[in-house]
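quick one, structure for this:
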Amino acid sequence: MSPTGASASYVLSSDVTDQAMSAPSWLRDNVDTLIGIPLRIVLIIVGMMIVRGLAKKAITRVVQRILQPPEEQSEPRRTSRGPAVLQRDRSRANERREQRARTIGSVLSSIVTVVVGVMALAMVLDQIGIALGPLLASAGVVGLAIGFGAQNLVADYLSGMLIMLEDQYGVGDSVDLGEAIGEVEHVGLRLTQIRDLNGGLWHIRNGEILRVRNDSQEWARAVLDVSVAYDSHLDTVYSVLEETGRDMRQDPQFDGVLLEDPSVWGVQSLDADGVMIRVAVKTVPLKQWAVTRELRRRVKEALDAAGVEIPFPQRTVWMRTDNDFTVSTGSKAAASN
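Below you'll find the predicted structure:
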C-alpha cells in the first residue's frame, strides 16, 4: 500500500471514530427533545382523557338524577279550596324529563370535550415550543369579532338551555308565546317549533321568547259565563248550575277529567241584556276547552228544563215616516205663533 493510500485510510477511520464518539454526546444533549417532550405530550393527552372521562361520569350521574322521578308524598296536600290538584300524567312527565335530561347531558358533554381539547392543544403547543401569546391574541380578536356578530346566536343557545333546565315547556304542550299559539312540536337549543290551530308551523328563536303561557302543566280551568234574564231567581239558577256540574263530573265519560265539582263563582257582571254568572271547574291539562263546550250544552238544557230564560239582545227601534216629520214641524210652527 502506498503512503498516500495509508494516509487517506487513516483520516477516514479517524473521522468515523470521532463521529461514533460524538453520537452519545449528541444523544445526551438532545435527550429531552427525543424523549422528554414526547413523553410529556403523551402524559398531557392521557391526563386530559382521564379528566374528560371523570367529567362525563359526573355528567352521567347528573342526568340519572334528573331522570329519577321525585319521591311520592305519603298523603296529598289539602287546601281549603277543595281536593288537591292531580299531578300531570306520569308517563308524559317521564317522557319530558327524559328528553330534558338527554339534551342537557349532550350539551354538557360537548362543552367538556371542547374545553378539555382546547386546554390539551395549548399545553402540547407549549411543549413543542410554539409561542402561545400571538396565538391567544389572534384568537381573542377573532373571538371578539365572532361574539359581536353572533351575539343573537349565543342568546338563543343560553335561552334554550334555561328553558330546558327550568322545564318551562316541552313537546306536546299547548303554549302561548305571543303571536305563536299552539302545540309544541320541537324544543331545541336554538329554535322552538309551534304548530298553530290552522296547521301552520312557527319557528321561533329562543332568544326572542320573552314570556310563555303554558296551558299543559299541572292542571287547567274551564270557565263558563252564563247569561240569565233580570227577572230570574238567582238562587234557583245557582242550584241548577251546581247540580248540572255535579252530574257532569259523575258521568263516566268525564271520569278523571274534572278534578273537582264545578263551582258557581257568582254574578260576574250586569250587562244590558241580562245577568252574567260565572261557573268554573278545574280539569286535567288540555281538557278545559272540551269541558267548557260540554258544560255549556248541559247548562243550556238544564236552564230550559227549569224554565230559566236565557236572554237575547233586545233593542228599541223608533220608526219615523215623512208624514210624522211634517206633522211634527207644523206643530212646532203653530206653537211659535
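
show me where the chain has helices.
Counting by DSSP state H, the chain has helices at residues 3-29, 31, 37-67, 90-128, 132-149, 151-166, 234-250, 288-306, 322-336.

just for the protein, where's the confidence low?
For the chain, applying pLDDT under 70 flags the ranges 1-35, 66-96, 99, 147, 149, 314-316, 321-337.

for Pro285, give me its contacts.
Taking CB atoms under 8 Å, 6 or more residues apart in numbering as the criterion, Pro285 is in contact with 88, 174, 215-220. In short, each C-beta sits where N, CA and C put it, glycine included.

try Arg296
So Arg296 contacts Leu224 (CB under 8 Å, 6+ apart).

that one and Val237, how far apart?
15 Å (CB to CB, to the nearest Å).

Leu162 too?
With CB to CB as the criterion, Leu162 and Val237 are 48 Å apart.

ok, now Ala145?
From Ala145 across to Val237, the span is 70 Å (CB to CB).

again with Val184
40 Å.

equivalent analysis for Gln253, please.
25 Å.

more crowded one of the two?
Neighbour tally, Gln253 and Val237, criterion other CB atoms under 10 Å: the higher count belongs to Val237, 22 against 7.

quick one: the more buried one and Met276 touch, right?
No: counting by CB atoms under 8 Å, Val237 stays clear of Met276, with 11.3 Å between them.

overlap in contacts, those two.
Joint contacts of Val237 and Met276 (CB under 8 Å, 6+ apart) are Val226.

in stretch 204-223, what counts as buried?
204, 206-207, 209, 214-217, 219-220, 222 (16 or more other CB atoms under 10 Å).

could you do stretch 232-240 as well?
232, 237, 240.

so what's the second one up against?
What that stands for is Val237. Counting by CB under 8 Å, 6+ apart, Val237 has contacts 226, 228, 277, 303, 308.

the last one and Ser227 touch, don't they?
No: between Val308 and Ser227 there is no contact, the gap being 10.6 Å when judged by CB under 8 Å.

and stretch 246-265, how far apart are its ends?
15 Å (CA to CA, to the nearest Å).

which residues touch that stretch?
Applying CB under 8 Å, 6+ apart, the set of residues contacting stretch 246-265 is 82-83, 85-86, 219, 238, 241-242, 244-245, 277-284, 287, 291, 294-295, 298.

quick one: distance of it to the chain centre.
31 Å (CA atoms, centre = their mean, to the nearest Å).

buried residues in it?
Neighbour-count burial for stretch 246-265 [16+ other CB under 10 Å]: 248-249, 254, 257-260, 262-264.

which member of these is positioned nearest Val46?
Leu259 (58.2 Å; CB to CB).

quick one: the contacts of Val237 as CSV, columns for distance to Val107 too.
What follows is the contacts of Val237, written out as CSV (distance: CB to CB, whole Å):
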residue, distance to Val107
Val226, 50
Val228, 56
Ile277, 51
Leu303, 56
Val308, 59
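
let's see the PyMOL selection covering just the buried ones among these.
Buried subset of the contacts of Val237, written as a PyMOL selection, criterion 16+ other CB under 10 Å:
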select buried, resi 226+228+277+303+308
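
which of the contacts of Val237 fall in strands?
226, 228, 277 (DSSP state E).

need the residues you listed in a markdown table with distance to Arg320, can you?
Shown next, in a markdown table, are these (distance: CB to CB, whole Å):
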| residue | distance to Arg320 |
| --- | --- |
| Val226 | 38 |
| Val228 | 34 |
| Ile277 | 39 |
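
of all the residues you listed, which comes closest to Pro313?
Nearest member of the ones in strands among the contacts of Val237 to Pro313, counting by CB to CB, is Val228, at 14.3 Å.
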